[in-house]
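Engineer: Model the structure of this input:
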Amino acid sequence: MQKTTETTLEINLDALGHNYQYLRSKLKKDTKLLAVVKAFGYGSDSVTVAQELAVLGADYFAVAYSGEGEQLRDAGVETPILALHPLPTNFKNIVHRCLEPSIYSMKMLREFVAFAETEQQQNYPIHLKFNTGLNRLGFIGSEISEILNILEDTNSVKVLSIFSHLAASEDEEERQFTEKQLKSFSEISEELLKRLTYKPLLHTLNTSGVLNFPEAQYDMVRCGIGLYGFGNSVSENKNLKPVATLKTVISQIHQLAPGDTLGYNRAFKVETPKTTATLPIGHADGISRAYGNGVGWVTINGQKAPIQGNVCMDMIMVDVTGIACEEGDEVIVFGNTSTAENLSNAVHSIPYELLTAISQRIKRVVCRK
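Structural biologist: Below is the predicted model of the structure:
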């Protein structure tokens, strides 16, 4: 890669391929892999990621909302796409762009069946989501009979998959709860399969589920954060490679004397001579104010430079005292060594939040290395 001259998010497709193959290695030969590319591909670039994963052999994609799926279709992605949180106002776009909705409530099932019939659809693929303990979205087991009655009364839709979502598959202390969820899903799917005249795909494992509960693969797994380089544990992180590296540059260097203050609200007061560098990235780019005042850091020429003062909308200031650097030098916000997980841990957050917060105004650069 050329030297960074502006704030840039590098998307490493070789790292993506490595992670995909690693997760595939954990699956049985016939288990399908659904790649989750919602939220701009976890903050990277959903189109670039989906196109690469399609070449690698991903069987399915998942997005949160229909607009994300439409963007993939506009880019020529033909792989089946599951819309995890469709809204009735988008049913027309969903059908016309060949997206497959997750149906999670009786109200939504009735509304989508009615819409599909109006559109004269035959066996339009839908996915039934069941709540087994996350308590976010999903049917409950007592609704199975009513669901089947509706399905048996129409040929406008066909259930392509039955699925649920694990609440704490990464947490060993919650293993008993996860096993309870898996048992519940098994009972629900068995009851549905008794009356359906065909067999939908079954899936409930996310990245941590794949790594910690391989016996529950069923027909398909859904991998999100693992594809982007994080396994939700120190041991598994070693087997994965971060896909995104956030870089910026030094805009200006200042020499501060005792008594000087730095940034808004004079949050940082200088007690001993300091050298600071101003960087063109701020909370409008996804670097939360929580990282200010020594909580967060960047890496400059291999050395850690703490963020000092309050994070500004478009800039942060870092302490480079004792670090050999010049204006224009490259700065690593997070990447392979100092990762998004390391940085997010500093504010008691998770890499998901930091990655998906990266602003779309930041330039994306695709690389292989």
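
Engineer: Dump the lowest-mean-pLDDT helix or strand in the chain to CSV, restricted to CA.
Structural biologist: Ranked by mean pLDDT, DSSP states H and E, the helix or strand of the chain with the weakest confidence is helix 234-237, at a mean of 94. Extracted C-alpha coordinates of helix 234-237, given in CSV (Å, rounded to 0.1, in the frame of the first residue of the first chain):
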residue,chain,number,x,y,z
VAL,A,234,-8.5,-14.1,23.2
SER,A,235,-7.8,-17.6,22.0
GLU,A,236,-10.0,-17.4,18.9
ASN,A,237,-8.8,-13.9,18.0
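
Engineer: what's the spacing between that helix and its chain's center?
Structural biologist: Averaging C-alpha positions (C-alpha atoms, centre = their mean, to the nearest Å) puts helix 234-237 18 Å from its chain's average.

Engineer: What is the burial count for residue 321?
Structural biologist: Using other C-beta atoms under 10 Å, residue 321 has 14 neighbouring residues. Bear in mind the C-beta positions are built from the backbone N, C-alpha and C, glycine included.

Engineer: So it lies in a strand, does it not?
Structural biologist: No: looking at residue 321 with DSSP: H, G, I helix; E, B strand; the rest coil, it is coil, so not inside a strand.

Engineer: for it, what are its contacts?
Structural biologist: Neighbouring residues of residue 321 by C-beta atoms under 8 Å, 6 or more residues apart in numbering: 273-276.

Engineer: what about burial for the residues you listed, which qualify?
Structural biologist: If you count burial by 16 or more other C-beta atoms under 10 Å, the buried members of the contacts of residue 321 come out as 274-276.

Engineer: With distance to residue 44 as extra columns, can I get the residues you listed in CSV?
Structural biologist: As requested, those are arranged in CSV below (distance: C-beta to C-beta, whole Å):
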residue, distance to residue 44
274, 35
275, 33
276, 30
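
Engineer: Closest to residue 350 out of these?
Structural biologist: For the buried ones among the contacts of residue 321, the residue nearest residue 350 by C-beta to C-beta is residue 276; the value is 29.2 Å.

Engineer: Not counting the helix or strand containing the closest one itself, show me its contacts.
Structural biologist: Following DSSP states H and E, one finds residue 276 within strand 274-279. Contacts with strand 274-279, where a contact means C-beta under 8 Å, 6+ apart, come from 7, 248-256, 260, 262, 298, 300, 305, 308, 315-323, 325, 327, 331.

Engineer: helices or strands next to the helix or strand following the least confident helix or strand of the chain in the packing?
Structural biologist: The helix or strand immediately downstream of helix 234-237 is strand 244-249, counting by DSSP H and E. Secondary-structure packing of strand 244-249 (3 or more C-beta pairs under 8 Å, 6 or more residues apart in numbering; DSSP states H and E): strand 8-12, strand 330-334.

Engineer: who does strand 244-249 pair up with?
Structural biologist: The strands that strand 244-249 pairs with in its sheet are strand 8-12 (antiparallel), strand 330-334 (antiparallel) (by DSSP bridges).

Engineer: With mean neighbour count and distance to residue 202 added, can I get those strands in CSV?
Structural biologist: Output for the strands paired with strand 244-249, formatted as CSV (neighbours: other C-beta atoms under 10 Å; distance: least, C-beta to C-beta, whole Å):
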stretch, mean neighbour count, distance to residue 202
strand 8-12, 22, 32
strand 330-334, 23, 36
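
Engineer: Need the ones you listed in TSV (columns: distance to residue 60 and mean pLDDT).
Structural biologist: Output for these, formatted as TSV (distance: least, C-beta to C-beta, whole Å; pLDDT from 0 to 100):
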stretch	distance to residue 60	mean pLDDT
strand 8-12	21	98
strand 330-334	29	98
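
Engineer: I'd like those strands written out as JSON lines, with distance to residue 345 added.
Structural biologist: Below are the strands paired with strand 244-249 laid out as JSON lines (distance: least, C-beta to C-beta, whole Å):
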{"stretch": "strand 8-12", "distance to residue 345": "20"}
{"stretch": "strand 330-334", "distance to residue 345": "11"}
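
Engineer: In space, what's closest to residue 178 - neighbours in sequence excluded?
Structural biologist: Leaving aside its sequence neighbours, residue 178 sits nearest to residue 169 (C-beta to C-beta, 6 or more residues apart in numbering; 5.3 Å).
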